[in-house]
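Enquirer: structure for this input, please:
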Amino acid sequence: MANELILIVEDNEKNRRLARDILQVKGYRILEAETAEIGLELAPKEKPDLVLMDIQLPGMNGIQALKKLRADEATRAIPVLAFTASVMPQDRREIMEAGFDGFLAKPINLKEFIASVAKALGGASGGDA
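Expert: Okay, here's the model as predicted:
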């Protein structure tokens, strides 16, 4: 596995940097976007293998951005994981009902984060991405 391209859409620089650093150590290539709008420009051009999408973004939120990704034939099949601090059961239910392929909680639990990314990319293992 690894060498897959992952687009991180996250407005918080520290969260974005942490996710980037973890994923790069595991061998993934990274694209970064501070807003949903930038992410929506990058996704059809770069065709990432996975998108990590924050929910609370300036401007368009992550749920609205997911709807646009799913509506576009070029990006419809890209798996998208919610990457969010909104971890209350109601928040989680709403996020998953919106059509995300999975859920990554912030702050990051390293083992769960790596396992969830590997699973979303089709990997069976939980730590050897």
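
Enquirer: what about the residue nearest the centre of the chain, which helix or strand?
Expert: Centrality entry for the chain: nearest residue to the mean C-alpha point is Leu52, 0.8 Å, by CA atoms, centre = their mean. Secondary structure from DSSP states H and E places Leu52 in strand 50-53.

Enquirer: what helix or strand is the residue of the chain most remote from its centre on?
Expert: The C-alpha centroid of the chain is most remote from Gln90, which lies 19.9 Å away (CA atoms, centre = their mean). In this structure, Gln90 is located in helix 89-97 according to DSSP H and E.

Enquirer: about what we covered before: in this structure the residue nearest to the centre of the chain contacts Ile8, no?
Expert: Yes: under the contact definition of CB atoms under 8 Å, Leu52 touches Ile8, with a separation of 4.8 Å. Yep, even glycine has a C-beta here, placed from its N, CA and C like the rest.

Enquirer: using CSV, write out every CA atom in stretch 14-21.
Expert: Taking C-alpha atoms only, stretch 14-21 is exported to CSV below (Å, rounded to 0.1, in the frame of the first residue of the first chain):
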residue,chain,number,x,y,z
LYS,A,14,-1.9,22.5,13.2
ASN,A,15,-4.4,19.8,12.5
ARG,A,16,-3.5,19.8,8.8
ARG,A,17,0.2,19.6,9.6
LEU,A,18,-0.3,16.8,12.0
ALA,A,19,-2.4,14.7,9.6
ARG,A,20,0.1,15.5,6.8
ASP,A,21,3.1,14.4,8.8
